[in-house]
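>>> Predicted structure and sequence below. I'll ask about it afterward.
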Amino acid sequence: MQEFLESDASGVVVVARLPADIQSWLGAKTTRVFLSSETRDSHRKHGWSAGDFAHLQALLDHGEVRTDRDRHVVVAHLDGKWRYAALKVTEDRREVYLASFRVMRKKQVFDFSRKGDLVRKGRPV
């Protein structure tokens, strides 16, 4: 993972497994969550490391899930820090991509509960 994050290579890498409830809600035909090189490159400012991605699966499995756009969900979870991940399914529903992943700022935490429709409440780890 770290090699992909630090490289300039194009392509995609699998970064997580999509939980069944999110897969069903999105109507996705896959359980793989991909990170594209385009997203990696446009989000370099976040300074992602492989260690950051170690939190992604727990976030998807246990975080609160909301939606505010078609084919799109956002997930937030408190694990010492509030983290945010946005996922988008392709129009043909065959692929799911990580569109954003970051630690949330205080204002974003405050605003999250008012953002979009609740798909799933957060679950205990």
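Looks like it came in fine. Residues are numbered from 1 along each chain as shown.
>>> For the helix or strand hosting Tyr97, which strands pair with it and how are they oriented?
In this assignment (DSSP states H and E), Tyr97 forms part of strand 96-103. With DSSP bridges as the test, strand 96-103 is paired with strand 32-36 (parallel), strand 82-89 (antiparallel).
>>> what residues are up against His62?
Counting by C-beta atoms under 8 Å, 6 or more residues apart in numbering, His62 touches 77, 122-125. Heads up, the C-betas are built off the backbone N, CA and C, glycines and all.
>>> Low-confidence ranges, this protein, go.
For the chain, applying pLDDT under 70 flags no range at all.
>>> mind checking how far the most centrally placed residue in it is from Arg93?
Centroid-nearest residue in the chain, with C-alpha atoms, centre = their mean: Ala85, separated by 3.2 Å. Distance, Ala85 to Arg93, by C-beta to C-beta, to the nearest Å: 19 Å.
>>> do the same with Val65
Val65 is 17 Å from Arg93, by C-beta to C-beta.
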